[in-house]
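[1] Give me the fold of what follows.
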Amino acid sequence: MAATLLKTNTVAADAANEAATVSGFPSPGELAVQLVDATDGGTWSGTVTFEVTVDGTNWVSYELYPTTDLGASALTATATADGVFFGKSNGFSGFRARLSTATSGTVNITARYASY
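    Below you'll find the model as predicted:
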């Protein structure tokens, strides 16, 4: 059985364009993102956008599955509330979950990659 390589990054985002980024994928694998309010009992408001890159410079929107609805129609490229999202890395060299719009509060964004 091949070893699993994990890359994880957590960022407390409270301003637009702050992102949790994982890169340098050696092979296809799985992506997961968790969004959690950074304050005990508080709330955050904004939009987190999921993005991938092949060349390490240019980022494009990428859809993930929310764990709350695993149907094929549930794919989403953004999130506005706490949750866990997952998908495949499909040979990309990097993934990020970026706070594209920040309204209030702070969200902890954790992005993780695991190889096959």
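[2] Please list the outside residues in contact with the helix or strand where Ala12 lies.
    Secondary-structure assignment from DSSP states H and E places Ala12 in strand 6-13. By CB atoms under 8 Å, 6 or more residues apart in numbering, the residues outside strand 6-13 that reach it are 18-25, 38, 48, 99, 102, 106-114. All C-beta atoms are positioned from the backbone trio N, CA, C, and that covers glycine.
[3] List only buried entries from these.
    Under a neighbour-count criterion of 16 or more other CB atoms under 10 Å, the subset of those counted as buried comprises 18-23, 25, 48, 99, 102, 106-114.
[4] hang on, Phe85 packs against Phe50?
    Yes. Contact between Phe85 and Phe50 holds when scored by CB atoms under 8 Å: they sit 6.9 Å apart.
[5] what lines up beside the helix or strand Arg98 falls within in the sheet?
    Using DSSP H and E, Arg98 maps to strand 94-104. Here the strand partners of strand 94-104, with direction, are listed using DSSP bridges: strand 19-23 (antiparallel), strand 45-53 (antiparallel).
[6] between those strands, which gets nearest to Ser61?
    Within these, the stretch nearest Ser61 is strand 45-53; the backing value is 5.9 Å (CB to CB).
[7] Give me the angle between the closest one and strand 6-13.
    150 degrees (axes from the mean of the first three to the mean of the last three CA atoms, to 10 degrees).
[8] tell me the pLDDT at Arg98?
    Per-residue confidence for Arg98 comes out at a pLDDT of 96.
[9] measure it to Gly41 for me?
    25 Å (CB to CB, to the nearest Å).
[10] Then Thr101?
    In this structure, Thr101 and Gly41 are separated by 23 Å, where distance is defined by CB to CB.
[11] And those two? Which one has more around it.
    Set Thr101 next to Gly41 and count neighbours by other CB atoms under 10 Å: Thr101 wins out with 14 against 5.
[12] Now do the contacts for the spatially closest residue to the more buried one that is not a sequence neighbour.
    Nearest-residue entry for Thr101: Thr47, 4.2 Å, with adjacent residues in sequence omitted and distances by CB to CB, 6 or more residues apart in numbering. Residues near Thr47 by CB under 8 Å, 6+ apart: 78-80, 99-101.
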